[in-house]
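> I would like to see how this sequence folds:
(chains A and B)
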Amino acid sequence: MTVFFQSLVNALQWGSFYALIALGYSMVYGVLMLFNFAHGDVFMVGAYISFIVATALTALAAAGTIAIPGWVVLLLTIVCAMMLNAIVGIIIERVGYRPLREAPRASAAITGLMIGIILETGVLAIMGAQRAKFPSLIQSVTYDVGGVFITNKKIMIVLVSIVLMLALDQFVKKTKWGMAMRAMAFDYTVVPLMGVPANVIAALTFAIGSGLAASAGCLFGVAYPVLDPYMGIVFGWKAFVAAILGGRGSILGATLAGFLLGFIEIFVALIFPSTMRDFIAYSIILLILTFRPHGFFGEPHSARLRL
Amino acid sequence: MTNQQPEIQSNGPSKGGKGYFKAFRSYFSCVPMLGWLAGIIAAVLFERFLGDQISELLGLPKIPVLFGCMIMLKDFSLIPSALAFLVGVYFIPILLVGRALAPVFNGLAGMIYKISPMFSVVLHLALLYLALHLWADLSAYRLMTLKFTLVAVMLTLSLNVINGYMGEFSCSHPGFMALGAYAASVFTLVLFTNDRFFGEALLSPSMGVYFFPVAIILGGFAAALGALVIAIPSFRTRGDYLAIISLAFMFIVKSLIENLEVVGGPRGLGSQPNYASLPMVFGWTVLCIWVINNFVRSTLGKALNAVRDDESAADAMTVNTRRTKMVGFLFGAFWAGAAGGLFAHILRYVNPASFGLQRLAEILAMVYFGGLNSVHGSIVGAVSISLLGEALRPLELFKWIIIPLLLILVMIFRPTGLIAFKEFNVKQLVRPRN
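Numbers count the residues shown, from 1 in each chain, chains lettered A, B, ... in the order given. The predicted structure is shown next:
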């Protein structure tokens, strides 16, 4: 039983990374009907930005000019990384996707893939091939709850992710910009004619998605403090699977599917040899999609490939 | 009226530039395919017999292996001599032989064409093979690059059937390739090789070469069987779900092979017999182009296009949409599997890691660079991306910035690829030009 709960805690942490990245996919897919295949690498860039910001801030603190407690540094890092990565997302949208708005969607998917490769290579060229060591910002404290070990980092990661998801939900539901996004998702051609600035909404969507990916990157750095330029690939594609599993453009769906993917992966590794993880996890997903081809919360729609 | 004045002026110089190009083109437009092939053979022979002397004369360390790209990028001071070699050994002989003997070759091509167009095509292919063989004979590296390029042509064409002609977005090609590669490898290893995986050969190893096509076909069928697993659930609905299901399938195949200790697991499977000689790979590639070209021009191929453009309209026009999509998908998967089988026997080693997301990005790049819905496009895309990948190798990291940038530019200016939506008419190609 303790093993079960221990795995549950780990799965919650693992799932929150997937969920945060999947949200970015899901939003772009919902609003623009595009697969943003560069998103996994945007997550990687976010992790590296947080690494740079965190290192700079700790160096500043170590220099003795200002004494900042670790959690403040962490909070600052997350906020800075989210903002900087949002700019990265806007640039990607401007360069790689806006010129292709009227083109077949598959072409935009290809530019996304290529932008991803450029990001990987760029980070590799700038940061070097050796893996970056994320500075430990907060002291790790382990709580023993009836045999289940919970670290304060895990609690923090899950809490921050949930707060961000709730904030996103409120933003989309309550604000005018959120309403514009929902309208765009509802009808991509007519709504811009009603005075909704399509380009601004597209940029905003990318900015929010990239910001969330940056927060995931920062939290990932806190939990697993070793970064390498290719870490975004596998994470990105898995989160993409989660986004589709959740249903097109559904925030709740992407969140739940992200957590579900985390649970499946952790528990499969618990029961079977860990090399079987991908095989069983994707077989389960294939089964789910066979019976619910539109995901958990997606509505059946005739998404025609514009080609 | 006032607006038109500057426009005419600004058109002047660009018109001149185009004029030269047009003049160049029209000057060489009378050269038939036969003439070009003869020119290429002449150039290759020229390189073969005088290449060493010429490269010594120009101060090059040895004959440039891949059109001098390597030498140029490694040592910038050698750029002029490498370019001179390229012009002197390739361009001038090809253009000279092609243009000077154009009347002769036109007459010849006309004569052969009159006997039978089919015979003409076969003759052209034989000449093309001769040119490639002579070119690749000079170094093992060239031979390897050529073989991989031919396999890339097969892969690109087979994905074009699904992504271009059918208009779906399939991500499972590395998975199909892996299935084909492993099925073909296991077949040849079990039957014809004494190795550490499967022990003694069951049949005499000398028979292996004759059974190699069977291995390739078996690989193709293994891939098609895998495709059936995807096709059954995903063609109930239309839309993006093929993309995701095929992606999941790719992960499943890779993970499954990693867990099968019989075929080496993550360490891979090696020491395949050396059956994939250049004639074998060339023959399979030609067969693949021929069959796929006939397929997409057949009624079934047109039905595939109809389903892509409007499924309900196609349905109303008595197209059995589900069956059409299944056949198209399985057909594409078959050729991907065959290409995988060849790939395994060229490299003579396969491991699951080589059928991952990188391979997927590479094949997709080739398809979309060359052009959707066209056989020309696939050939151009596969050849140019493979050769570019090899040629830019000395740049190391920057290769992975230049190629993606190039592809993004192509996507922005020609969203469906360089040569999209064009029919490949072989008879038109081999016809005399007068």
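
> give the contact list for the most centrally placed residue in chain B.
Nearest to the geometric centre of chain B sits residue B:153, at 1.5 Å (CA atoms, centre = their mean). Neighbour list for residue B:153: B:285, B:288, B:289, B:378, B:379, B:382, B:383 [criterion: CB atoms under 8 Å, 6 or more residues apart in numbering or on different chains]. Backbone N, C-alpha and C define where each C-beta goes, glycine included.

> count of neighbours near the last one?
What that stands for is residue B:383. A count of nearby residues for residue B:383, using other CB atoms under 10 Å in any protein chain shown, gives 18.

> Next: residue B:311.
19.

> Need the pLDDT of the residue lying closest to residue A:87 once chain neighbours are set aside.
Residue nearest to residue A:87 in three dimensions, not counting chain neighbours: residue A:207, with 7.7 Å by CB to CB, 6 or more residues apart in numbering or on different chains. In this model, residue A:207 is scored at 96, pLDDT.

> Residue A:207 and chain B: what is the separation?
Residue A:207 is 21 Å from chain B, where distance means CB to the nearest CB, to the nearest Å.

> in which helix or strand would I find that residue?
Using DSSP states H and E, residue A:207 sits within helix A:198-223.

> mind listing what's buried in that helix?
A:198, A:201-223 (16 or more other CB atoms under 10 Å in any protein chain shown).

> Also stretch A:274-288?
Buried-residue list, stretch A:274-288, by 16+ other CB under 10 Å: A:276, A:277, A:278, A:279, A:280, A:281, A:282, A:283, A:285, A:286, A:288.

> contacting residues around it?
A:241, A:245, A:261, A:264-265, A:268-269, A:272, B:233, B:245, B:248-249, B:251-252, B:254-256, B:258-259, B:266.

> ok, now stretch B:63-71?
Applying CB under 8 Å, 6+ apart, the contact partners of stretch B:63-71 are B:47, B:51-52, B:55, B:60-61, B:78, B:82-83, B:85-86, B:90, B:138-139, B:141-142, B:145, B:387, B:390-394.

> quick one, what contacts residue B:417?
By CB under 8 Å, 6+ apart, the neighbours of residue B:417 are B:367, B:368, B:369, B:370, B:371, B:372, B:374, B:377, B:381, B:410.

> ugh, wrong one, I meant residue B:236
Applying CB under 8 Å, 6+ apart, the residues near residue B:236 are residue A:293.

> what does residue B:245 give?
Residues near residue B:245 by CB under 8 Å, 6+ apart: A:286, A:289, B:230, B:233, B:234.

> Grab the nearest non-local neighbour of it.
residue B:234 (4.5 Å).

> Output the contacting helices and strands for the strand or helix carrying residue A:7.
Using DSSP H and E, residue A:7 sits within helix A:2-32. Counting contacts by 3 or more CB pairs under 8 Å, 6 or more residues apart in numbering or on different chains; DSSP states H and E, helix A:2-32 packs against helix A:39-62, strand A:148-151, helix A:152-174, helix A:176-186, helix A:198-223, helix A:231-246, helix A:251-271.

> What is the burial count for residue 33?
I went with chain A, as the question did not name one. Neighbour tally, residue A:33, other CB under 10 Å: 20.

> meant chain B actually
Neighbour number of residue B:33 under other CB under 10 Å is 22.

> now do residue A:240
25.

> is it true that it touches residue A:23?
No: Residue A:240 is beyond contact range of residue A:23, at 11.7 Å (criterion: CB atoms under 8 Å).

> Tell me the confidence at residue 145?
Unless you meant another one, I'm taking chain A. Model confidence at residue A:145, given as pLDDT, is 82.

> if you could check chain B rather than the one you did, that'd help
Reported pLDDT for residue B:145: 93.

> and if you look at residue B:14?
47.

> so where is the chain shaky, pLDDT-wise?
Defaulting to chain A. Where chain A drops to pLDDT under 70, the residues are A:65-67, A:299-307.

> try chain B instead
In chain B, residues with pLDDT under 70: B:1-17, B:237-239.

> That one: strands as residue ranges?
Under the criterion DSSP state E, strands of chain B are mapped to B:269-270, B:349-350.

> Name every sheet partner of the last one and say whether each one runs parallel or antiparallel.
Applying DSSP bridges, strand B:349-350 is found paired with strand B:269-270 (antiparallel).

> Show me what residue of the stretch 1-150 of chain B gets nearest to chain A.
Closest to chain A within the stretch 1-150 of chain B is residue B:73: 16.8 Å, counting by CB to the nearest CB.

> wait, what's in contact with the nearest residue to that residue once chain neighbours are set aside?
Using CB to CB, 6+ apart and skipping the chain neighbours, the partner closest in space to residue B:73 is residue B:394 (4.0 Å). Residues in contact with residue B:394, defined by CB under 8 Å, 6+ apart, are B:69, B:70, B:73, B:74.

> quick one: residue A:145 and chain B, what's the gap?
34 Å.

> who does that residue bridge with?
With DSSP bridges as the rule, residue A:145 is bridged to residue A:148.

> Measure how buried the residue nearest to residue B:141 when sequence neighbours are not counted is and give me the count.
Excluding its sequence neighbours, the residue lying closest to residue B:141 (CB to CB, 6+ apart) is residue B:65, at 5.6 Å. Residue B:65: 17 surrounding residues under other CB under 10 Å.
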